[in-house]
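**Student:** predicted model and sequence follow; I will ask about them next.
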Amino acid sequence: MLAEAKRTTKMEVVIMKEFNLRNCIRISVWLGMFFSVGLGTILLGHDPQSGGGGFAVDDSFGELVPWTHLEANNDPDNFQFVIVGDRTGGMRKGIFDGAVDKINLVQPEFVLSVGDLIPGSRQTDSIDLIDTMWEEFNSMVNRLEMPFFYVSGNHDVYNSLLGEQWTNRFGPSYYSFKYKDVLFITLNSEFINNHQNKWPGKHEDQLEWLKDTVSKEKDVRWTVVLIHEPMWNYKHDPVIPDEYREIHERWLAVERIFERKNLTLFAGHRHHYKKETRNDHAYYTLATTGAGNKLRGIEYGEFDHFLWVTMTDEGPIIANLLLDGVLDPNVVPTIPPYNVIPQDAENKSENR
Ligand SMILES: [Fe+2]
């Protein structure tokens, strides 16, 4: 509008020059002031101009402005997702359900998991019971306002019946997908574990699939791996029985496949938060989102949480959101007295 008004003023000067230069200049200056300041202000108020990053700001402030810059942090290639921790293995009722509400509050584009979603066990032998477990879980994740991606943990596929029921509901227990040129790989850690030879041949099948998937998608800008058991620790971990140590060798075969990738890995199972670095890759083991936890605090890595991940070209930026720290806006105050200034505080104020 301002530019238009200025153009109009110039045109008037040129036309009137032929009649009476002095008068015309006076008239033109007056018209210019009227159109650019008077009429513009009357009709539009302050004329906004587009700032960088989609802002419309008041241009009447001159050089002094009460903001740092106008480059909004809104790279369209970046995106945000949430990863939830274990729900089961000493499940505490209601925690995961509450986490669903909190995830809806922070509005990620999608939600990932690291397994142990239902409380299956070695003894689970009833399809009705398994149905009930999955119905309960699905009733919660179906309340999410964004997609949820299932990852299998030991409790989800503890025995062949649970494994069969997984297949009937969800099809594959390991899979990949791409989102904005980032490759997401979910693995079935129980096939690598293969405890008591429960899943003969499955580790080898998964390994071949993984090699194929990674080689087909070698040009992606980043790879995110989700797996339930953090098997890279099994070789030296004192709480793991000797028979498990061969799992470590199988894990190394998996790990070698994505050795040179831009990659970040997320796991669960231990119910303790931990961040490690292997092959220059960050490996995160989540604590819990409702599973058994002594909850002794951050210094023990014992808390209920989910990860809030922002994916950038340089890799993920990760915020650890404790469930206790994600609050509904209606949460306070609920217990009176509230909005009441204590009597002694009021007196102090009056004395000033
Ligand atoms: Fe587990």
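**Tutor:** Here it is on my side, so go on.
**Student:** alpha carbons only for contacts and neighbour counts from here, please
**Tutor:** Noted.
**Student:** show me the strands in the stretch 101-250 of the chain, by range?
**Tutor:** 110-113, 175-179, 182-186, 222-226 (DSSP state E, counting those that start in this stretch).
**Student:** want to try JSON lines for those, with distance to residue 323, mean pLDDT and mean neighbour count as columns?
**Tutor:** Output for the strands of the stretch 101-250 of the chain, formatted as JSON lines (distance: least, C-alpha to C-alpha, whole Å; pLDDT from 0 to 100; neighbours: other C-alpha atoms under 10 Å):
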{"stretch": "strand 110-113", "distance to residue 323": "15", "mean pLDDT": "98", "mean neighbour count": "22"}
{"stretch": "strand 175-179", "distance to residue 323": "26", "mean pLDDT": "98", "mean neighbour count": "13"}
{"stretch": "strand 182-186", "distance to residue 323": "24", "mean pLDDT": "98", "mean neighbour count": "22"}
{"stretch": "strand 222-226", "distance to residue 323": "21", "mean pLDDT": "98", "mean neighbour count": "22"}
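**Student:** nearest to residue 293, out of those?
**Tutor:** Comparing the strands of the stretch 101-250 of the chain by their distance to residue 293 (C-alpha to C-alpha), the top pick is strand 110-113, with 17.6 Å.
**Student:** what's the closest one packed up against?
**Tutor:** On a contact count with 3 or more C-alpha pairs under 8 Å, 6 or more residues apart in numbering; DSSP states H and E, strand 110-113 meets strand 79-84.
**Student:** adjacent strands (with direction) for the strand it packs on?
**Tutor:** strand 110-113 (parallel), strand 305-312 (antiparallel) (DSSP bridges).
**Student:** how about these, which one is nearest residue 93?
**Tutor:** strand 305-312 (15.1 Å).
**Student:** quick one: average confidence on that closest one?
**Tutor:** Mean pLDDT, computed over strand 305-312, is 98.
**Student:** how far does that strand sit from the chain's center?
**Tutor:** 3 Å (C-alpha atoms, centre = their mean, to the nearest Å).
**Student:** so it versus strand 182-186, what angle?
**Tutor:** Comparing the axes of strand 305-312 and strand 182-186 via axes from the mean of the first three to the mean of the last three C-alpha atoms, to 10 degrees yields an angle of 150 degrees.
**Student:** next, the residues that contact strand 305-312 from outside, please.
**Tutor:** Applying C-alpha atoms under 8 Å, 6 or more residues apart in numbering, the contact partners of strand 305-312 are 77-85, 108, 286-289, 316-323.
**Student:** how about the strands paired with strand 79-84 in CSV, adding distance to residue 278?
**Tutor:** Below are the strands paired with strand 79-84 laid out as CSV (distance: least, C-alpha to C-alpha, whole Å):
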stretch, distance to residue 278
strand 110-113, 21
strand 305-312, 20
